[in-house]
Every structure is written in C-alpha cells, then in structure tokens.
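> Could you look at this predicted model? Sequence included:
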Amino acid sequence: MAEIIDGKAVAARVKENVKKRAEEFEGKYSRKVGLAVIKAGNNPASEIYVRNKIKACEACNIKSFSYDFDDAVTEAELIKLIRKLNKDKNVDGILVQLPLPKGIDERAVLSEISPTKDADGFHAVNAGKLFLGEKTRFVACTPRGIMELINSTGVKIAGLRAVVVGRSNIVGKPIATLLLNADATVTVCHSKTVNLADITREADILVAAVGKKKFITADMVKRGAVVIDVGMNRDEEGLFGDVDFENVKEVAGYITPVPGGVGPMTIAMLLMNTVDGAFDE
Ligand code: NDP
C-alpha cells in the first residue's frame, strides 16, 4: 500500500518559507513583493484559481494587484497593461490566468511579459533556459511543485526511469525537462504513443498529465513506483485525477491524491517564483 504524498503539507512548508523571505524583502527594500494577477472572461474555474492565488498572496505577505476584464477584452488592451506592469517597480511578477477568451492569441499575450517578471515561467526565454539547463528563477509552477513533491519522498531521482504521460507546454514538457536535468532517464508519452502501458509499467516515477479521469489504472503501474497525478477532471461526481487512485495506491510506493496533491503546490510555487524574482532584480 502506497504512502500518500501530502501536497497540502508540503505546500504549507513552501508557503512558510515564502512568507519569511517576503518579510525579509520588505525589511530590506521597504516595500512588499508584488504580484499582478490578470484575469479575462468568465471562466468559473479561473475565478476560483484567481481567488485562491490572491488569498495565498495575502497569507504570505505578498501584495497582489488584481486586473479583471470581461470577455470583450482585446489582445491590444491586455498587451498594453502588461507593458505598463513590466515597467512598474512595485510589480515583481505578472500572471495571466489561462484560458483567455476565444480569439485572443495566448502566446502573443504571454510573450509580452518581461522574462524577469514571468511568475508562471511560460515565457520562451525561461522555458529555453530550463531546456538548456541554465539557471532561471522562473520555472513553470506545476512542474516545479511536482519536483518538490518527489523530493519530499526522499527518493533519489538520479538514474531512475521516469515516464511522463502528456506533452503540454505547461506540464508535460517542463516536468520531463526537470526530471532529465535531475538525471532521470525520461520517456514522454502522448496520444499517439503505441503500447502505452508497456512504457508506463517501466516507470520508477510516473507523472500523469493527461486530463482524463482515472486514465492510469493499476495494471499500468510498476510496484513501488512514485505516482504523481496532475489531472484535475471535474464532473457531476466531483473532482478526479488522471490516476485510478483507489486501485493504483495498492501497487505504487508513493502516490499523490486529488485533491490535495499537485494542486496546492502550483500556487505555492507561483509565490516562490515571485519572491525569487523579486530578490533577483
Ligand atoms: P493538455 O490537454 O494540454 O495535454 C494533455 C496531454 O495528454 C497531451 O499531450 C495529449 O497528447 C495527452 N493525451 C491525451 N490523451 C492521451 C492518451 N489516450 N494517451 C496518452 N496521452 C494522451 O493538458 P494539460 O497538460 O494542460 O493538463 C493535464 C491535466 O492536468 C488536466 O487534467 C489539467 O486540468 C491538469 N492540470 C492541473 C494542474 C494543477 O495545478 N494540478 C495545473 C495544470 C494542469 P497529444 O499531445 O498527442 O494531444
């Protein structure tokens, strides 16, 4: 039976550290670390995420600057705001909550964020630095949080076989890169992968970022593996991960629950990125 990785507890430790450093920053520079949070449109999930991010800022002595646009916002308006925030000395991090309303080119908007204020770590400069194995303050939050969770188990990553299911720019690719940079032997799977279960069964570390409820079943998991469930699939029965938790926990060595696993880490690492970025200026 697997040990459950308590994402809430790990996130609380990260946030405690963020708060301490944010207070240290204020003592040194006589202003608070600042995070600008931009939301556009009426996506109910985004409303919750943004509210939670702002609440977490308050708890960690970070000042949040909130910008709320409706569906009719234009790309030009968003870009104009971002350019203003890039120059604002009180803003250390800028976050654009995705998805943006239809018709807006998300990459075009995100690429306007200064790489030095890229709280989410999605800018090509920071993604590129990660890929090159160069030091960057801004690493995509969910993957950065996943690394904290794996490290919290005490399992040494170097030399292990890691399999990532999913190749999105915000989860799959950056977590695969982080694991590779930590000396794992990494395989990335996706919808065109043939014989997926044969590959996942070889994983000492299995990361599921697919977006399909209970997609990873017990027969796809190696005994004793570290299983990280990134999935957040909501339906009328509730919130579910990409992993069939009840059955996989009988096989895995460590497993993250949904909720209470990767989710809380994403916000904690956003705050960590913001504080790291503030000190870097
Ligand atoms: P995307 O939809 O961008 O990517 C899903 C990936 O899964 C794609 O690479 C896709 O392959 C792959 N995939 C789909 N079907 C299969 C299949 N049958 N076999 C193998 N691979 C498959 O999702 P995200 O990466 O943005 O998110 C993944 C999940 O994580 C979602 O549930 C999301 O809600 C959640 N999430 C949770 C976060 C958190 O904080 N906990 C943060 C971000 C996301 P292909 O590329 O070929 O299409």
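Yep, it's here.
> Which pLDDT value goes with F138?
At F138, the model reports a pLDDT of 95.
> same question but for E281, I mixed them up
64.
> Tell me which residue in the stretch 1-150 of the chain sits closest to the ligand.
Nearest to the ligand in the stretch 1-150 of the chain, going by C-beta to the nearest ligand atom, is T142, at a distance of 4.2 Å. For glycine as for every other residue, the C-beta is placed from the backbone atoms N, C-alpha and C.
> Apart from its neighbours in sequence, what residue is nearest that residue?
Closest residue to T142 apart from its sequence neighbours, by C-beta to C-beta, 6 or more residues apart in numbering: T266 at 4.7 Å.
> swap in G172?
Per C-beta to C-beta, 6+ apart, closest to G172 is G166, 3.8 Å.
> In contact with the one you found, which residues?
172, 189-190, 207-211, 230 (C-beta atoms under 8 Å, 6 or more residues apart in numbering).
> Could you do V10 as well?
Contacts of V10 (C-beta under 8 Å, 6+ apart): 148-149, 152, 264-265, 268.
> C-alpha coordinates for the one helix or strand D68 maps to, PDB please?
Secondary structure from DSSP states H and E places D68 in strand 62-69. Provided in PDB are the C-alpha atoms of strand 62-69 (Å, rounded to 0.1, in the frame of the first residue of the first chain):
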ATOM      1  CA  ILE A  62       2.900  39.500  -0.900                       C
ATOM      2  CA  LYS A  63       0.900  42.400  -2.400                       C
ATOM      3  CA  SER A  64      -1.400  41.400  -5.200                       C
ATOM      4  CA  PHE A  65      -2.600  43.800  -7.900                       C
ATOM      5  CA  SER A  66      -5.800  42.400  -9.500                       C
ATOM      6  CA  TYR A  67      -7.000  43.200 -13.000                       C
ATOM      7  CA  ASP A  68     -10.300  41.800 -14.100                       C
ATOM      8  CA  PHE A  69     -11.500  42.000 -17.700                       C
END
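> what comes up buried for that strand?
62-65, 67, 69 (16 or more other C-beta atoms under 10 Å).
> same question, stretch 143-153
Buried positions in stretch 143-153, judged by neighbour count with 16+ other C-beta under 10 Å: 143-150, 152.
> Please save the CA atoms from it in CSV.
Taking Å, rounded to 0.1, in the frame of the first residue of the first chain, the C-alpha atoms of stretch 143-153 are listed here in CSV:
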residue,chain,number,x,y,z
PRO,A,143,6.3,21.1,-12.7
ARG,A,144,8.3,22.9,-10.1
GLY,A,145,5.8,21.8,-7.5
ILE,A,146,6.0,18.2,-8.7
MET,A,147,9.7,18.2,-8.2
GLU,A,148,9.2,19.3,-4.6
LEU,A,149,6.7,16.5,-4.1
ILE,A,150,9.0,13.9,-5.5
ASN,A,151,11.9,15.2,-3.4
SER,A,152,9.7,15.2,-0.3
THR,A,153,9.6,11.4,-0.5
